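Visitor: Here is my input, please return the structure:
(2 chains)
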Amino acid sequence: MGWIRFLGRIGLRFFERLGRGHLFLVQLLAALPSLLPRPGLVIRELYSAGVRSMLIVVVSGLFVGMVLGLQGYNTLSKFGAAESLGVLVALSLVRELGPVVTALLFAGRAGTSLTAEIGLMKATEQLSSMEMMAVDPIRRIMAPRFLAGFIAMPLLAAIFSAVGVLGGYFVGVGLLGVDSGVFWSQMQANVALHADVINGVIKSAVFGLVAAWIAVFEGYDAVPTSEGVSRATTRTVVNTALAVLALDFVLTALMYGVS
Amino acid sequence: MPHSRTVEIAVGMFVAAGLAALFLLAMKVSNLSSFAAPQGYVLTAEFQNIGGLKVRAPVTVAGVQVGRVIGIGFDNTDYEAVVRMAIDPRYDKFPVDTSAAIYTAGLLGEKYVALVPGGAPTYLKNGDRIKLTQSALILEQVIGQYLFNRADGQK
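Guide: Predicted structure coming up:
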């Protein structure tokens, strides 16, 4: 009977955490209007979540685009369709790689630091002292970070995709000799504004919400010890990656799949 | 955390870069618009059928690219497609009896316009029309004609 009880305990703990997470999300959303009179808080967090993630996003986007250009050219030229390289690069980036890879990078770059920061605030009892001073830590600490992550993600994903397309252009046109006009004209003929670009932005906004929510929640829910903070940081990366990849499947199926 | 003015400027630049990237994706990658008109002198040609020719497709002479298609329109009086091409000003000595044809690069590839120079002593100028044209090959029409001829021959 021991192992059944063990399974039950794990299951209960899982659903308890899930429920706490969702209640926390409701609290976060309810706290968002209180940010309106104080945009400075959000701007500060946008700096640490967005501006300081720019470098990794731009560099990764460039290299992902360049690799797509090389790999795509090798396969497409076998079928005499190297002219479609622009379409391949742009569609893969705008639809899938831009939102997903940016979300994973964002979890690693900004999510972990959010979790560690909030977890340490909890461990050093800064959150409790705020409550003592009648300052709501959810409004003062969590909500600005959550909103900043939610705003920063779509922008970062757009930068990733745009830089990636340029990387594919440099490799395809500059290195491999695909015609520059065909590269752009095929791309423009086959990439639709609504179906591809807007759907990509919607995806990245959803991923941004999930990534920021998980990062802030893991910090808030961390066991207030050094070990607890380190575990919470790990959980942020793992849970965000799992959630983003699973949600990506669901969103792709809704957007492009069964119609 | 740096000074708040620096932070605000950096965030402003970040948001601007993100919006610029979105704008680029919308305008340059998707089919919303195509700006950056290529320079050069313009020639027009009327085709009965352009197949799948697209704006920005290459214009070649002897296989070498000399310009781009900059516009595709429809002539409402004689029901023909009007293709406008911008030709690199370095190549300004095409005779007036130059002919234009639409070919396909590879089996599945992009359509392009091929110019074949004639022998007339005067040259085409900006805005001139190429009179000798050959339409794109439509595979279905060719197969249809072939089958039709076969059926005729068996009678």
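Visitor: which SS class is the closest residue to chain A within chain B?
Guide: Chain B approaches chain A most closely through B:Gly18 (2.6 Å), counting by CB to the nearest CB. Bear in mind the C-beta positions are built from the backbone N, C-alpha and C, glycine included. For B:Gly18, the secondary structure call by DSSP: H, G, I helix; E, B strand; the rest coil comes out as helix.
Visitor: In this structure it contacts A:Phe160, no?
Guide: No. Using CB atoms under 8 Å, B:Gly18 makes no contact with A:Phe160, being 10.1 Å away.
Visitor: So which of these two has more stuff around it?
Guide: A:Phe160 (31 against 22; other CB atoms under 10 Å in any protein chain shown).
Visitor: Pull the number of nearby residues for A:Leu193.
Guide: Count around A:Leu193 with other CB under 10 Å applied: 16.
Visitor: what's the nearest residue to it if we skip its chain neighbours?
Guide: Computed as CB to CB, 6 or more residues apart in numbering or on different chains, the closest residue to A:Leu193 that is not its neighbour in sequence is B:Ser30, at 4.2 Å.
Visitor: got it, and B:Ile102?
Guide: Distances taken as CB to CB, 6+ apart place B:Ala136 nearest to B:Ile102, at 3.9 Å, with adjacent residues excluded.
Visitor: Could I get the contacting residues of that neighbour?
Guide: B:Ala136 makes contact with B:47, B:49-53, B:102-104, B:111, according to CB atoms under 8 Å, 6 or more residues apart in numbering or on different chains.
Visitor: give me that answer again for 10 Å
Guide: Taking CB atoms under 10 Å, 6 or more residues apart in numbering or on different chains as the contact definition, B:Ala136 lies against B:47-53, B:81, B:101-104, B:111, B:113.
Visitor: Name all residues that make contact with A:Ala103.
Guide: A:111, A:153, A:156-157, A:160, A:203-204, A:206-208, A:210-211, A:240-241, A:243-245, A:247-248.
Visitor: can you pull the pLDDT of it?
Guide: pLDDT recorded at A:Ala103 is 94.
Visitor: With A:Arg13 instead?
Guide: Looking at A:Arg13, its pLDDT reads 89.
Visitor: Any idea how many residues pack against it?
Guide: Close neighbours of A:Arg13, defined as other CB under 10 Å, add up to 10.
Visitor: Kindly report the same for A:Phe146.
Guide: 29.
Visitor: next one: A:Val171
Guide: Neighbours of A:Val171 under the rule other CB under 10 Å: 23.
Visitor: Shouldn't it be within a strand?
Guide: No. Counting by three-state DSSP, one finds A:Val171 to be helix, located in no strand.
Visitor: can you tell me the residue of the stretch 51-200 of chain A closest to chain B?
Guide: Nearest to chain B, among the residues of the stretch 51-200 of chain A, is A:Leu155, at 2.6 Å (CB to the nearest CB).
Visitor: A helix includes that residue, no?
Guide: Yes. Assessed with three-state DSSP, A:Leu155 lies in a helix.
Visitor: Can you tell me the closest non-neighbouring residue to it?
Guide: B:Gly18 is the one closest to A:Leu155 (CB to CB, 6+ apart), at 2.6 Å.
Visitor: So the helix-or-strand element of chain B with minimal mean pLDDT, near chain A or not?
Guide: The least trusted helix or strand in chain B, going by mean pLDDT, DSSP states H and E, turns out to be helix B:139-153, with a mean of 82. No. Contact of helix B:139-153 with chain A (CB under 10 Å from any CB of the partner chain) is absent, the minimum separation being 15.6 Å.
Visitor: in terms of contact, does the residue of chain B closest to chain A touch A:Leu156 like I think?
Guide: Yes. Contact criterion CB atoms under 10 Å: B:Gly18 and A:Leu156 qualify, at 6.9 Å.
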